[in-house]
Each structure stands twice: as structure tokens, then as C-alpha cells.
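Enquirer: A structural model of the following input is requested.
(3 chains)
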Amino acid sequence: MTAQLTPTPETAPVAPAGSSTPSAPTALGTSAAELVARRRKGYSLEGDFYTSREIYDLDVDVVFSKNWIFVAAAAEIPEAGDYVTVDIGKASVVVVRDDDDEITAFHNVCRHRGSRLLEDKGFVGNIVCPYHRWTYALDGSLLHAESQPPGFDKSCFSLHKVHVRNLAGLVFICLAQDAPADFDEVAKIVEPHLRPYQLDKAKVARQIDLPEAGNWKLVMENNRECYHCDGHPELISAFFPIFGYSAEDITPRLQPIWDRYTAAKEALAEKRVAQGTPLCDHQELDTRPVGFQLEHFPLEGESKSFAAGGAALCSKLIGDVKDAAFGDISMHLQPNCWFHFLGDHCIAFSVMPTSPTTSVLRTTWLVNPDAEEGTDYDLESLCATWNATNDQDRTLVTNTQIGCSDPAYVPGPYSMVEDQVEAFVNWYMTRLREHLGLEATA
Amino acid sequence: MTAQLTPTPETAPVAPAGSSTPSAPTALGTSAAELVARRRKGYSLEGDFYTSREIYDLDVDVVFSKNWIFVAAAAEIPEAGDYVTVDIGKASVVVVRDDDDEITAFHNVCRHRGSRLLEDKGFVGNIVCPYHRWTYALDGSLLHAESQPPGFDKSCFSLHKVHVRNLAGLVFICLAQDAPADFDEVAKIVEPHLRPYQLDKAKVARQIDLPEAGNWKLVMENNRECYHCDGHPELISAFFPIFGYSAEDITPRLQPIWDRYTAAKEALAEKRVAQGTPLCDHQELDTRPVGFQLEHFPLEGESKSFAAGGAALCSKLIGDVKDAAFGDISMHLQPNCWFHFLGDHCIAFSVMPTSPTTSVLRTTWLVNPDAEEGTDYDLESLCATWNATNDQDRTLVTNTQIGCSDPAYVPGPYSMVEDQVEAFVNWYMTRLREHLGLEATA
Amino acid sequence: MTAQLTPTPETAPVAPAGSSTPSAPTALGTSAAELVARRRKGYSLEGDFYTSREIYDLDVDVVFSKNWIFVAAAAEIPEAGDYVTVDIGKASVVVVRDDDDEITAFHNVCRHRGSRLLEDKGFVGNIVCPYHRWTYALDGSLLHAESQPPGFDKSCFSLHKVHVRNLAGLVFICLAQDAPADFDEVAKIVEPHLRPYQLDKAKVARQIDLPEAGNWKLVMENNRECYHCDGHPELISAFFPIFGYSAEDITPRLQPIWDRYTAAKEALAEKRVAQGTPLCDHQELDTRPVGFQLEHFPLEGESKSFAAGGAALCSKLIGDVKDAAFGDISMHLQPNCWFHFLGDHCIAFSVMPTSPTTSVLRTTWLVNPDAEEGTDYDLESLCATWNATNDQDRTLVTNTQIGCSDPAYVPGPYSMVEDQVEAFVNWYMTRLREHLGLEATA
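Expert: This is a model prediction of the structure:
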């Protein structure tokens, strides 16, 4: 009745509840470095990574402000003057299609007294500050400001620009002065795979922002394994729940699924070859700044899409895909996004941090630009599987956020099928280590 | 019109408003020690004790994580598999009755990636993590975890245990490695007094959690004096409002009440002797780690319970009590609980901190297990006096929290009848002093 | 597409987004001093001034606790025992009319255990603490406290007094030990101008508290310029939108307005002379501790008040004003208030900080004490122009608060017509510089 803490050969790196260690978040500086330095490979992260304000500020300043972040589908801003705004921490960025049909981006802050310029999304001719009517062109240059003294030089007060890339219809920005250079290499690898889907001309069928009561990394870690996929009945009716598994991970319970999967993968390969799509998978999740993974997945049985029964969810196929049963390309990029490319629609997912303990998951469904709601697709059915899945995951994330905040929490070991969680954490720790000037672990 | 601050011979230990002292909370470390060191005996605490995050963290880590805390009536978990969860700061503890009918407790955190395991209260066979289905027995041992590599040793991943005691049907836990050893001494003193009430077999008639807009210590200090009892018309219809008073504290206004009280105390003694109950009072509130006080109180006139008119509130008496007019045993334990034991029902009160400026008061009404609501007792009537009293106290606590946060607040002197407030503060300061390595005051 | 940050000859004093500077608020101490020291004249303040907790604490402790703050119209407490309470940061002050018909003020904190004494506004005979009934006279002296030990000296426990002044019916307090001495000089200058309005005998027609989602300084800066007055259609129907402008600031668009303004100013002067009112304007906004500005303004055309069409809004003129078309005296005092004095009513505005990013704007409309609502004035019409204007400004303040919190925000240059914003900032920086022991800038 009285023995305290099960004795374990595992020396817990975090002091348990009741020790003199305060439950307050870690102070910045040495201790962030210490947390990074003592991270144990193959184990989940310490609780401070999910709760402390200092780590959150590092995440915003290092991970989200120095790396390429997926922010929108190009299809969201099809015409010149169309814009979306994006929040990264306390920064807001306007992503706008300019008069040359190029996508450009700048900070959403007036150069006079700092007022926000634009909200949400919409269309503008010029950008006019709502406070004192300073007026900027779509390229960010200052066109007009009233009552200025002689000598005022408009060219000194353009809006601050932000790096932007359009990768096969997916828009990424980077807030840093020097953006990671390997983005273009990755784009070169990825683009041929995505070409058939022609996302630049797609139509946004729906976009949903789901608030999560968990640190953004818990949302990402949840995405990067299917060890919990028993909890997703809708998803696994068409999706093989062996994402992240290899032959040696397969338990007797999973063996029949694995056998069907390997057979289906061969069948899919033939179809892809027929349409001239590259077949190779890529896995470079923690070996480069623009960490990514691209995998060609078959679906269960005759399934064409993520639906119970496997029917296609949109009767007009996307891009120039010829066969509705075209499998699924699953693409992940670090730090915050993943995608599914199916024969009849594509889905983009991205996670944005909003506080140490909250984040937002944005899901965007893209279809053929000629597909009509009610005729070619039913909107609720199109979104049903992933709405259910996202909601199930949201509950798991909430529980883990609460548990990781408990002073009794100590990191536990990843199972054999959580390698991509480990890869996400490795990529993340490498970014912090570089920023903090720490040596890479041997 | 212009003189600033009434000059007083009392040198105020806190700088008043308008000085250069910021109103921000005290930073931790030296200043917590300084606050403790300069506390003036017989005076209320400085405002930082009720407002600062650092003191709150100390309270959670020192007071609530290293001492015995009342968390439940054993009657809340009568059967094997019944559990309640308890939050102490950010820690959550599962208190469960195991297959041997013993009450046991462990941290409510999965040993894999930290998910919360159980919520609120309920019944389980095994404890299954909702995330990846790691499965634990009721003794906390890990029974199953899927997809582990060869060499994974389940015995290393039992749930972390927590100290627990069942004192005459009242459950206490201690999160510390080494729990205060004198709990068993106190239990030995107290148990004979509580034996007639047989709380282990009682029935929970009601449990109410009342959120308080005040630091937990303000709720406790409010409980530890009856100087404010004029504000409790329901309570003082049966309860002598002389709690904490001795003969020399009695003002002319209170003299008639005091005379009735002393006569009633003698009459009660005879009844208690007849049933073989010990009669002695105990007062060791600040002289030991498990500070406590137990006092035998008569009620006003022929009163049997806390009701207007004095009628019993439950027709079946509790335990093996023979006489409905059995007075009241009032028991206090440091740091966070108090109890009333009456002939017809018992009430347990506990205060849990939820933030520097908020807490929760839990009140639990216990009756004879055979008593039926609607027949033997009316639930609203049973709870009416203390619901009203708690609510009145809640307003006083709110006002004091706001006032203590005012930079103009300076500690004031306790009156002659606030000795138990002083004893509570003494006990509390001793705990902080020990933790901070300060000498006891002479 | 990739160039980062428009190169500018302006060396930005704040690092832009994506640099390694964390977005977290500035830590106190050296950095507050550094922020003050590097402030660039003629430019808006850095973002930390509007977002950081440390600067907010300085603002409360230095600006609002050491200077004279407008807190009420004397007309709000016309009878002995009438009181209002005022919050300044976490301090609360009772402003009460005592038995000698004088206005007095003290801290709203019981000298026993710190309970708040009074809430909002109302009437009392004595001040009785709601907790333990300690009882104070209207002069703050302790009359009674029960159960005190022998030797308890009531005279040591009077309520702490606060400096107070009644300037022509406008009540100011100062929390500091030593209040700025030049208040009486300023009062001597201002009082003759305000005498005709007899505010001491006025009636409060309405008082509205408008919560603002912005730092108090943004609300003040918004008030101190009319560069944004295009956004106030109701206000500029009667008010010349040339507040803060001089002849050289006038753009061609504003020239016709300016010409009407100068003609109207001459016409107004004659009326004022006829009633024996002083005519001179005063501008000492940043040249003394009690910074102020008083300016005699004509209204548009035949306008008598702030109404579309210019009709008077109250048929009984205020004080002993003889002519409804009496123009407007605009008076500003640092740090937090401004006033309009018209022939038919007066309006007092004050801004109180409530957090780093929020504040409250209080607007009080005063009319002739004999004016009856529904007969002499319509309440909605009386308040319509400023309710609309305040609401429009609230949106501008919200946008600026959000934008100033963006790490990409850098201070921009004030236009020629934002001199009073600069004066407000100068006054403010002088207060911080004095407090921090910094040299005045050359």
C-alpha cells in the first residue's frame, strides 16, 4: 500500500510528482538546451516539450519561422487580387495572386503605425490600410500616404516581403531571411508524382479548421503512426491500417491485412505504369531540412476512395487521372503537413500552433474544377471519413496533452511501428540542436 | 485632503500602492524565502501568498504533494474495480478498490506516451489506455502492449504507485516518496472517536464541487474561525457560533450563548459516555506534520442536526449511533479538510487548489447505507444549511481575494478568536520553512 | 519571389520576423530601459510597449500610480455618503463625499484581513467591512472592531488615504506619496475657462464603459490625431476635422474646410468675449508633469452641438452659458483623459488600462441639473455621435493592437498632423525615463 513508484531499470529522465522539482514550465536558455541534449532516442519527448511557453516560442521562432510551411492550395486564390492571410505565431502573412498571375506574399502590417491590413481571405484591387489610408499595390509597394513632410520617400515603406513557392499547386512560405535551399530539390523529386492531379487548376470543395486542445507536435505525432488505427473504423474500411509498418512489424492479427496489402500494391503498380506515373517511394523524413516522405499506397479490395464500400466520392476524376481506382499517394512534409492524392479527390492537412497547449488542424478537400456539388459529389460524403477520423484523433490528442502535463509523466518507448514518430522527433530535435548550437548526437 | 497614508506605529511590511514596488507577483527563490522569513506572527499573510504563481507552485509541490491529503470517502468506491480520479495541481491520481477489496492508488498516466487513462469516476475490469491499448491490471502492473520489440520487459512499465490510507472510511493519499510518518499516530488517536459512525459502510447522499474565486488558503482561513459567523443565519440556528472561542474571548453580546454552550456540553458528555465514545478533545494543529484538531460539540437546545428547528435530517441514524441528539464531532486536518460527525449524518469538506486565485470546495454528505432518499431523508433539506453556508463563505472569500491582490493591502492583526487561523498559518509556514531550509522562528 | 524584406535606408530598430529574436515580451529591467533609450523621435513606439507585461506593470506603477488621474465627475457623488470606486491596476480606491461635503478618497481595503469594502458606486453611512464588520467613518477612521485584545489601538488602523482634487467639478486622484505639485498651477489656468459650465452642479445624463481590445496608449494615440477622421462621418458633420492641424498641414482637399474653420473661429471669439470667458489656447502637453492642452474650437456652420444638422442636443443650456452656439472647448490632460465643453452639454472621456492588451474607455455626458430626459433632451440623440465615433475608433484600435503584436511590425513615421501623438509619447517617455533614471534625450 505504501511503496512509492515502481522501481524500474529504466532511469526516468524526469523527476516524478512529489519531488522538489516544480511543475512550472522550464525556463528558457540552458534548460531548453538541456532538454534537447538529454533526449533519449526511441522514447517519447519529455512533458515540457508539450507545455512550456519557452519551447513554444522556440517552435514558432525556429521551426515555423525558419522552415518552409504549407499554407494554402493555389486553388484558393485563382484570380489576380485574390488573397488569403496566414497566422504563424503572432505574425500574419498576406498571400496574394498579383497582376502577373504570380503568387506573392508579404507581412500583413502597415508600415505607418502597424495596423493589420487584411483579414481572413478575399479580393482587393490595392491594399488600403483601414486606419489612415496608406495605399499599397499588389506587389507591396507604397502608392500613397497623405500629409507627409517634404522628403518623405515612399520607396522606403513597401510592405516586407516573404519567400513563397508554388509546388504543383501547393503553396509554401518561409519567413526566414535565408530559406532552406533544398526545397527546390524536393520539389523536383515530388512534382512528377503529383503532375496527374493538376492541383493548380483544382477546385476547393471544402476547408475545415478543427481546433485541437493539444500542442502541435502531439497532432503531428498522432498523424505519423497507425498503431492507434483500431480507433478509426471509418478510415480502415478502405485504408490498409499498416501505415508505417514493414514486414517484421506484422503481428499474427495483422498478417491477413498485410497479405492483401502486398498483393494490392503489385496490382496498383501496373495501373500507374500504364498512366506513366513514377512508382518509386521516397523516405527522407529526418535526413534533410525539407524532410519528406512520399509513398504509393493501394486501397483495400476494389476501393477507389476513402468511403465505406470503396466507391468513388466524386464522379469526375481529378486532373487527368484515367482510372478511378488509382490508389493513394501519401505525402508527408516536415514540420506540419500531409496529403492524400486519390483518383477522385485530394486532401491537404496542415497543423498550426496557436499556444503551447493548442493548435489548429486545417483540412482542405480538392476536386476537379468542373465537378459540381450535388451532381458530381455529395459534400458530406466526400468529407465524412476524414471528419470522423480527425475527430477521433482530436480526442486522443486531448488525452495525451493532459497526461503529458502531469508531473508523473515520464517518456516511454516507441513500439516497432512508430518509426515515423521517431523520424518526426529526430527532424525536430535537429532543428532545435542547430539553433541552440548543440552538437548532433553520435 | 492631501495627506498620504495614515501614519501608523505599525511599520507595514509591504510597500503601499504608488511606491516603486511593482504589483506583479513575487519572483521565486530568494523572495519566497524572504516572504516566509519576514512573516509577522499574529498577522494575516502578505498578498503574494494569495496571488503569486511561484507561491502557488510551492503550495502544490510542497504542501499538496508532500503531505497527506484527504481525497475521498471510502464509500465512494464500495466494490472492486470502482475508482475515482483526483487532481492535485497537474497530477491526476486513480484511487481504486482492487480485487482484494483494498484501496490502492497510482498516477493516472500511461507509461507509453503519457495519455490520461481514466476520467472522473466509474468502474473498470482492467485499465486500458484509450490511445494504443496498453492494458494494466487493478494493481497497476502492465498486462499487455502490442508490437513491442524482443526484450521489452513489461515489469518495467507498471503504473507509478501513490501512498494511500483508509482512516475510518476516509481516504488520504500522499504523493511524496516519503510520506509524513505520524499519520498512523494520528489515526490511532482519531479512530476510536469515529468508530460509532462506521463510515466505511456509509452511503454517499450527495457530493457538490463549489468553485471558489480565491486562493485555497483563503478558503481554509475562512473555515478556521467563527468571527464572521453573524453572516451565517442558517448555520447558527443549531450551531453555537463560538467555534474557536474560549472563556476570555466572550464579549457581553456572546455571553448568553456561551452560557448555554457550556451547559449543553456537560449534557452531551453524559450521552457519549453512555455509548462508550471517548470524550477528550485534541488540538495539535501546528505541532506536528499531520496537524489536526478534534472537538466534541453540543448543538443548540434540543437540536439533533444542522437544521432550522433542530430536527434530525435523516430518520435512520448513522453507523451504530443510538441517540439522534449526539452532538457534533468537529475534526480538522491540515492542510485542506474538515468534517462534521452528527448522529444522523456526516459531512466531509476538502479544498483543492486549481490556480493561484481559484480553488474548489468539495462537500460530501454521508448517511446510513440503508437510508432511502425521499423516505428517510429529503436531499435538499439534508444539504440546505451547508449549501447556504458555503455560498455565503464563497462571497467572503471572493472579496478577500480581490482585496488581498490590492497593492495597498497590508497584513492586519488577528482578533482574539482567530487562533485557529493563526495555527493554520503556522503549520503552513513551517512546511515552507522546512522546504526552503530556513530556521524555525524563535 | 524570394527577396526577403524590402531593403530600406531606414534602419529598423526592431528585428523583423524570422530573425532569432523571440516574439515573447521583453523581460523587465535593462530591456525596458533599452526600449526607452532607443526610441526614435517622430516614429511610433516599438511593439513591446503595447504588448509586454513588464511595460504594462511600469505603466500602472509609474504612469497611473504617480500622476494625477481623472476618475469621476463630482456630479456623480452629489450628497454626503455618495461614493464611487475606481480601479487602477489591482488597486481600488473609494472616492466619497464626506459629512463636510468635501470629496475624499482612500484605498478600498480593510485593515484587518484585506477584504474589499465597497463595490461599484452607491451610498453609505459608515463603511462596514462585509467580512468581520470592522466599521470605518466616512473620513476613513476605524470606529469599531470586535474581540480585540487589550491594548488594541484603533487609531493605527484607519483606511489609507489617497490624494484627491476637485478641479471645476472634475475629480482627480494621485496614488503616490508625493503627487506632482504643478496640478494646482494647471488648475489655476484652466478653471476660468470652465467656470461658465458649472460642472460641480451638473447632472450625469449617461455613463458608458466601452471595453477596448487594445493597450491604453493605442486608445490615447487614436484620440490625439484627426488624421483618421475620414472614418468618423457622424463626428465630422459638426466638428472640423482639422484637430491637431496647423496652416502648413493643410492639403488641397482640406483647404475649404480650413477656410471655414478660421472664419468660424473669429466669429466664436466675439461670443466668448461677450460672456467674459478667457479666449487664449494653451498647449503644454509634454513640457510639464501635468501635461495639458486647452483649445477653443468653433463648430461647423451654425452648429450648436455634435449633431447631424448642428441642432442643440439639450434645450436647457449648461451652467450659465447664454448662447447655444458657444463652440467647443477641447481639453486634454496626460495621461488618460480628454473633454469637450459645449453650450448644451459636456463630455468627459477617460481611458483605464486593464491588461497589456486591453483597456476601458469611459464616456460621461453631463447636462444642466434641471434638464429632464425626454423633455429637454433625448438620451439616445445626446450620445449618438460619440457612441458611433468611439465604436469606430475601437475597431481601429483593435486592428492596431493586433498589428503591433506582429514580429514584423517596425515603427513608422508620424505624418505632419500627428504632433499631438508625438507629444503624448514624449510625455510618456519622460515619465519612464525619470523612473528608470535615464538622461533626457538631447
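Enquirer: Against chain C, how distant is the residue nearest the centre of chain A?
Expert: Ranked by distance to the mean C-alpha position of chain A (C-alpha atoms, centre = their mean), the top residue is residue A:337 at 1.7 Å. Applying C-beta to the nearest C-beta, to the nearest Å, one obtains 19 Å for the distance of residue A:337 from chain C. (Glycine included, C-beta is placed from N, CA and C.)
Enquirer: Could you double-check that that residue lies in contact with residue A:70?
Expert: Yes: in this structure residue A:337 lies within contact range of residue A:70 using C-beta atoms under 8 Å: 4.0 Å.
Enquirer: Quickly list what's touching both of these two.
Expert: Shared contacts of residue A:337 and residue A:70, defined by C-beta atoms under 8 Å, 6 or more residues apart in numbering or on different chains, comprise A:348, A:350.
Enquirer: just for the stretch 301-442 of chain A, where's the confidence low?
Expert: By pLDDT under 70, the low-scoring segments of the stretch 301-442 of chain A are A:440-442.
Enquirer: and it, which residues reach chain B?
Expert: A:395-396, A:399-400, A:402-413, A:415-417 (C-beta under 8 Å from any C-beta of the partner chain).
Enquirer: Pull out the buried members of these.
Expert: Among these, those buried by neighbour count (16 or more other C-beta atoms under 10 Å in any protein chain shown) are A:396, A:399-400, A:402-413, A:415-417.
Enquirer: Now do the same for the residue lying farthest from the centre of chain A: helix, strand or coil?
Expert: Among residues of chain A, the one most distant from the C-alpha centroid is residue A:150; the distance is 48.2 Å, by C-alpha atoms, centre = their mean. Assigned state for residue A:150: coil (three-state reduction, DSSP: H, G, I helix; E, B strand; the rest coil).
Enquirer: In stretch A:93-105, which residues are buried?
Expert: Of the residues in stretch A:93-105, those scored as buried under the neighbour-count criterion (16+ other C-beta under 10 Å) are A:93, A:94, A:95, A:96, A:97, A:103, A:104, A:105.
Enquirer: per the record, what domains does chain A have?
Expert: Per automatic domain parsing, the structural domains of chain A span A:21-67+A:183-442, A:69-167.
Enquirer: Residue A:155 and residue A:142: what is the separation?
Expert: In this structure, residue A:155 lies at 8 Å from residue A:142, with C-beta to C-beta, to the nearest Å as the measure.
Enquirer: just how off-centre is stretch A:342-355 within its chain?
Expert: From the chain centre to the centre of stretch A:342-355 is a distance of 7 Å (C-alpha atoms, centre = their mean, to the nearest Å).
Enquirer: do it and chain C meet?
Expert: No: counting by C-beta under 8 Å from any C-beta, chain C is not contacted by stretch A:342-355; separation bottoms out at 11.8 Å.
Enquirer: How about that stretch, which residues are buried there?
Expert: Buried residues in stretch A:342-355, defined by neighbour count with 16+ other C-beta under 10 Å: A:342-354.
Enquirer: Just the residues you listed: which are in strands?
Expert: The members of the buried residues of stretch A:342-355 that map onto strands under DSSP state E are A:342, A:346, A:347, A:348, A:349, A:350, A:351, A:352, A:353, A:354.
Enquirer: got a list of what the fifth one touches?
Expert: For residue A:349, the residues meeting the contact criterion (C-beta under 8 Å, 6+ apart) are A:223, A:337, A:338, A:339, A:361, A:362, A:363, A:364.
Enquirer: go again using 6 Å as the cut-off
Expert: By C-beta atoms under 6 Å, 6 or more residues apart in numbering or on different chains, the contact set of residue A:349 is A:338, A:363.
Enquirer: Look up how far residue B:54 lies from it.
Expert: Counting by C-beta to C-beta, the separation of residue A:349 from residue B:54 is 40 Å.
Enquirer: Tell me where chain A has helices.
Expert: Assigned by DSSP state H, the helices in chain A fall at A:30-37, A:48-51, A:53-58, A:65-66, A:183-194, A:216-223, A:255-274, A:379-404, A:419-436.
Enquirer: Give me whichever of the ones you listed is most buried.
Expert: Each of the helices of chain A was assessed for mean neighbour count using mean count of other C-beta atoms under 10 Å in any protein chain shown. The highest is helix A:216-223, with a mean of 25.
Enquirer: what angle do that one and helix A:379-404 make?
Expert: Between helix A:216-223 and helix A:379-404, the angle formed by their directions is 120 degrees, by axes from the mean of the first three to the mean of the last three C-alpha atoms, to 10 degrees.
Enquirer: helices and strands around helix A:216-223, which ones?
Expert: In terms of contacts (3 or more C-beta pairs under 6 Å, 6 or more residues apart in numbering or on different chains; DSSP states H and E), helix A:216-223 is packed against strand A:346-355, strand A:358-367, helix A:379-404.
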